[in-house]
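> Let's see this in three dimensions:
(4 chains)
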2 protein chains.
Amino acid sequence: MLQGRTLAAGLSAAIRNDILTGFYKAGDPLRQEQLAERYQVSRIPVREALLQLESQGLVAVMPHRGFVVRAMSAVELKDIYHIRMVIEPDLVADATRSPAAQKLFIEAKKVLDDSLKAMADKGPSDEYSALHQRFHGLLIEGSNRVRSIEVVKRMHTLCERYIRLHLSLHQGRPNEEHNKIIEACLAGDAEAARHHVLTHLECTMNDLLEELDTDPVEDARE
Amino acid sequence: MLQGRTLAAGLSAAIRNDILTGFYKAGDPLRQEQLAERYQVSRIPVREALLQLESQGLVAVMPHRGFVVRAMSAVELKDIYHIRMVIEPDLVADATRSPAAQKLFIEAKKVLDDSLKAMADKGPSDEYSALHQRFHGLLIEGSNRVRSIEVVKRMHTLCERYIRLHLSLHQGRPNEEHNKIIEACLAGDAEAARHHVLTHLECTMNDLLEELDTDPVEDARE
DNA sequence: CCCTCTCACTTTGTATACAATCTACAATTA
DNA sequence: TAATTGTAGATTGTATACAAAGTGAGAGGG
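Numbers count the residues shown, from 1 in each chain, chains lettered A, B, ... in the order given. All right, here's what the predicted structure looks like:
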């Protein structure tokens, strides 16, 4: 377990996963010694991983008081989706225009199929969710806009927790949208791809905001 | 020196500053022991600071081989400005609509004046540059879109090095644009503010790209 | 009764020490 | 000569130990 090139790198992914799957919930304190025990390493790599997650916006830190899992307000969720909406469609369109990206799209298609199978077999699960995130990642990977890719992926990760809470939504319309997107990409139709991505993001955001209205999430604390 | 709540926090800012001012240049290795000596701390907080800078995209790390200052290609610079162009104008417009932001704009006006004075006194300098960055920061601070603010500030920091290399550009048109922006903000004209910010970013990007064409920068290394 | 101060305890932050990995150059072999 | 291996030195990565800051319960005073 945790075999990366360095411990901290793998740890950061492991803790992120534990946050995304809800093992650690918004507001939970992340005690260094406790994490060190859980992952069987010393506090140093734990601290390094936590600081990286802090830079990525998943956890908050108060000096000498420790780390906590950051919560998210509806305003913040909207902001995050807004960022994705003004960048992600362009990235997919860019990738669609690049011939080299075709093999990424083919893999994306495979990942999408896998995710549908996972959903059919086990219903909404962490496995489905991870595949879904990977699908979106592959769509933009073919663009050569490295920084934009980074930003979009980070924003996706930030709202991933909330997507997972409402995965049941993913059984109807969103999957049709995913299909339309990947078909447009495979067909090389950049404009259609852009359009479908934007629509997908808009709808997903609205769905999530509706859910949050009925089941409000506490705001990020100081 | 370096009196923050924690050493690592201050260190990260100090190293960032040393990168932005060109003390450490693109491609330079950042040896931990050397930095520890320079800032008079042990290697642990140095590592933590470097990892944070890595998360912020300013330095790159190869496990067991060390950290280096990341370089930037013209493509990347364009990408970064593109991100700013699709987010920053909206943020300033948002802030302009919020009454609470007025006092931020007043401070921004003061900072702008200070920067002009600094430019008149000493010409293009690190001091001017820092004030310029602070000016842009204050313009968006009044929006309540926390994540967007974070992204824009980070992108600004990433290209700040290249802005500093060509500060002589800042003596003519850019300052007129800054004036138009702050006047629109103080007058509460959100649409004008948005327009002037977008124009400013477009022009600045084009200027920088032109400079890079004549004086090419090495691409980021593996 | 409430406020404040103290002091033990918990938790974080940093320094030092040690282990693992990489780099470069010399020695060996085909 | 060219390729490969071995080894010393340098550098990074992690564990342990210690210092500093925060927390909370109980004593004492208003």
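> Now do the same contact list for whatever residue of chain A ends up closest to chain B.
In chain A, no residue comes nearer to chain B than residue A:55, which is 3.4 Å away by C-beta to the nearest C-beta. For every residue, glycine as well, the C-beta is placed using N, CA and C. By C-beta atoms under 8 Å, 6 or more residues apart in numbering or on different chains, residue A:55 lies in contact with B:51, B:52, B:55, B:56.
> Over to residue A:152?
Residues A:83, A:84, A:87, A:88, A:91, A:140 are the ones in contact with residue A:152 under the rule C-beta under 8 Å, 6+ apart.
> and the angle for whichever strand or helix holds the second one with helix B:74-97?
Following DSSP states H and E, the helix or strand that holds residue A:84 is helix A:74-97. Following axes from the mean of the first three to the mean of the last three C-alpha atoms, to 10 degrees, one obtains 150 degrees for the angle between helix A:74-97 and helix B:74-97.
> So which elements touch helix A:74-97?
The contact analysis (3 or more C-beta pairs under 8 Å, 6 or more residues apart in numbering or on different chains; DSSP states H and E) places helix A:74-97 against helix A:102-122, helix A:126-141, helix A:146-165, helix A:173-187, helix A:190-214, helix B:74-97, helix B:146-165.
> got JSON lines for the ones you listed, with mean pLDDT too?
Below are those laid out as JSON lines (pLDDT from 0 to 100):
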{"stretch": "helix A:102-122", "mean pLDDT": "95"}
{"stretch": "helix A:126-141", "mean pLDDT": "96"}
{"stretch": "helix A:146-165", "mean pLDDT": "95"}
{"stretch": "helix A:173-187", "mean pLDDT": "94"}
{"stretch": "helix A:190-214", "mean pLDDT": "92"}
{"stretch": "helix B:74-97", "mean pLDDT": "97"}
{"stretch": "helix B:146-165", "mean pLDDT": "95"}
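> so can I have JSON lines of the ones you listed showing distance to residue B:5?
JSON lines is the format used below for these (distance: least, C-beta to C-beta, whole Å):
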{"stretch": "helix A:102-122", "distance to residue B:5": "43"}
{"stretch": "helix A:126-141", "distance to residue B:5": "34"}
{"stretch": "helix A:146-165", "distance to residue B:5": "25"}
{"stretch": "helix A:173-187", "distance to residue B:5": "43"}
{"stretch": "helix A:190-214", "distance to residue B:5": "33"}
{"stretch": "helix B:74-97", "distance to residue B:5": "28"}
{"stretch": "helix B:146-165", "distance to residue B:5": "20"}
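> Compare the ones you listed and give me the one nearest residue B:21.
helix B:146-165 (7.2 Å; C-beta to C-beta).
> how much distance is there from the closest one to the middle of the chain?
Here the centre of helix B:146-165 is set off from its chain's centre by 4 Å, with C-alpha atoms, centre = their mean, to the nearest Å.
> buried stuff in it?
Buried residues in helix B:146-165, counted by 16 or more other C-beta atoms under 10 Å in any protein chain shown: B:146-149, B:151-165.
> any idea of the angle it forms with helix B:74-97?
Inter-element angle recorded for helix B:146-165 and helix B:74-97: 130 degrees (by the same axes, to 10 degrees).
> re the thing from before, the helices and strands packed on helix A:74-97: which one's closest to DNA strand D?
Each of those has some distance to DNA strand D by C-beta to the nearest atom of the strand; the shortest is helix A:146-165, at 20.3 Å.
> Correct me if wrong: residue A:186 contacts residue A:110.
No. Assessed by C-beta atoms under 8 Å, residue A:186 is found out of contact with residue A:110, at 11.7 Å.
> For residue A:31, grab the count of nearby residues.
If you count neighbours by other C-beta atoms under 10 Å in any protein chain shown, residue A:31 ends up with 14.
> Can you name the residues of chain A that neighbour DNA strand C?
By the rule C-beta under 7 Å from any atom of the strand, the part of chain A lying against DNA strand C is A:29-33, A:43-44, A:47, A:61, A:63-67.
> three-state assignment of the residue of chain A most remote from its centre?
Distance from the centre of chain A peaks at residue A:64, with 29.6 Å (C-alpha atoms, centre = their mean). Assigned state for residue A:64: coil (three-state reduction, DSSP: H, G, I helix; E, B strand; the rest coil).
> Contact partners for the closest residue to residue A:185 other than its chain neighbours?
Spatially, and ignoring its direct neighbours in sequence, residue A:185 is nearest to residue A:105 (4.5 Å; C-beta to C-beta, 6 or more residues apart in numbering or on different chains). Each residue near residue A:105 by C-beta under 8 Å, 6+ apart is listed here: A:95, A:96, A:138, A:139, A:142, A:182, A:185, A:186.
> Please report the distance of residue A:105 from DNA strand C.
Going from residue A:105 to DNA strand C by C-beta to the nearest atom of the strand, to the nearest Å gives 33 Å.
> likewise residue A:107?
From residue A:107 across to DNA strand C, the span is 28 Å (C-beta to the nearest atom of the strand).
> orientation of the helix or strand encompassing residue A:8 relative to helix A:126-141 in degrees?
Using DSSP H and E, residue A:8 sits within helix A:7-20. Counting by the same axes, to 10 degrees, helix A:7-20 lies at 120 degrees to helix A:126-141.
> elements contacting helix A:7-20?
The contact analysis (3+ C-beta pairs under 8 Å, 6+ apart) places helix A:7-20 against helix A:32-39, helix A:43-55, helix A:146-165.
> buried ones in it?
For helix A:7-20, by 16+ other C-beta under 10 Å, it's A:7, A:8, A:9, A:10, A:11, A:12, A:14, A:15, A:16, A:18, A:19, A:20.
> ditto for stretch A:58-65
A:58, A:59, A:60, A:61.
> what does chain A have sitting close to chain B?
Counting by C-beta under 8 Å from any C-beta of the partner chain, chain A comes close to chain B at A:5-6, A:8-9, A:44, A:47-48, A:51-52, A:54-57, A:63-64, A:75-76, A:79-80, A:82-83, A:86-87, A:144-148, A:150-151, A:155, A:158.
> Now compare the contacts of residue A:55 and name the two farthest from each other.
B:51 and B:56 (9.8 Å).
> So those two - more neighbours on which side?
More crowded of residue B:51 and residue B:56, by other C-beta under 10 Å: residue B:51, with 24 against 16.
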